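Participant: Sequence and computational prediction follow.
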Amino acid sequence: MSEDRVYGGRAVADRRRDRRERFLAAAVELFGTQGYAGTSVPQVCRAAGLSTRQFYQEFSDREHLLRTLYDRLQDRSMAQVSERVLERIAAGDGIDAVLDAGVRAFLAVYDDPLPARVNFIEVVGVSPAFEEHRHANRARWGELLQTAAQAGAARGLPLTSATPLQWAAYIGAVNAVIVERTLDPSITEDALLHAMRTLLRPGILG
C-alpha cells in the first residue's frame, strides 16, 4: 500500500508513524520497569494495543526496537546539549554558566527514570553489534564535546584541550553517575550537576 494513500480518513504514512510511536512508548514503559531481557515482543504489542504483524512491519526484532529507542534518546540529548552550550557561548556567558547550561540540558532529557534506565542500563551487553554501536555513539559524544570546547576557547573562555581518551573517560563517568541516580532516586539534580561539573572543571577542561 502506497504511503501517500488515504485509508479510513488518514494517510497510510500517518498511521505507520502513529503505530511506531505506540511501540516506542510501550518499549519505554516495559524496558524501563521490567527490563529489556524480561520483555517479549508479544508483551510490547499488548502494551501498545497492536499486533505482532504490525510490530514486524516497523522493526526487525526486539533489539531493533531497543536500538531505535536508544538512538532517539541519544540524538535528543546531543541536540539539546549542543544547542544550549553554543547558545550560551554566543551570548558571551562565562565558563560556569556555559557548563551548567550544557549539563542541565543533558539531565533534562533523562529526568524521567524510565528512559534513563533504558538508555544507561538496559542497553548494556545486549549483543556484540549493539556494543559496537554504543562505542561509536560515545565517540560521537566526544567529538561533540570537543567541538563545543573549541568553540568556547575561540571566544576566550578558559578551556584546555582534551584528548579523545579523556572524553571517553568523562562519558563513562557520566554514564555511571546517571546509573547511580536511576538506582537511588534520593540523589538530587543539584548533586548530579555538581558531580558532572566537577569532572569537567577543574577536571579534564582545567
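Facilitator: Sure, I can see it. Numbers count the residues shown, from 1 in each chain.

Participant: Distance from stretch 116-132 to the middle of the chain?
Facilitator: 12 Å (Cα atoms, centre = their mean, to the nearest Å).

Participant: Identify each buried residue in the lengthiest helix in the chain, please.
Facilitator: Longest helix in the chain by number of residues (criterion: DSSP state H): helix 62-90. Of the residues in helix 62-90, those buried by neighbour count under the rule 16 or more other Cβ atoms under 10 Å are 62, 65-70, 73-74, 77-78, 80-82, 84-86, 88-89. To be clear about C-beta, it is placed using only N, CA and C from the backbone, and glycine gets the same treatment.

Participant: Dump the C-alpha coordinates for the helix or strand following it into PDB.
Facilitator: Where DSSP states H and E defines the elements, the next helix or strand beyond helix 62-90 is helix 95-109. The C-alpha trace of helix 95-109 is given here as PDB (Å, rounded to 0.1, in the frame of the first residue of the first chain):
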ATOM      1  CA  ILE A  95      32.600  29.400  31.600                       C
ATOM      2  CA  ASP A  96      30.500  28.300  34.700                       C
ATOM      3  CA  ALA A  97      27.200  29.400  33.100                       C
ATOM      4  CA  VAL A  98      28.100  27.600  29.800                       C
ATOM      5  CA  LEU A  99      29.000  24.300  31.600                       C
ATOM      6  CA  ASP A 100      25.900  24.500  33.800                       C
ATOM      7  CA  ALA A 101      23.700  25.000  30.700                       C
ATOM      8  CA  GLY A 102      25.100  22.000  29.000                       C
ATOM      9  CA  VAL A 103      24.900  19.700  32.000                       C
ATOM     10  CA  ARG A 104      21.300  20.800  32.800                       C
ATOM     11  CA  ALA A 105      20.300  20.300  29.100                       C
ATOM     12  CA  PHE A 106      21.600  16.700  29.300                       C
ATOM     13  CA  LEU A 107      19.900  16.000  32.600                       C
ATOM     14  CA  ALA A 108      16.600  17.300  31.400                       C
ATOM     15  CA  VAL A 109      16.400  14.600  28.800                       C
END
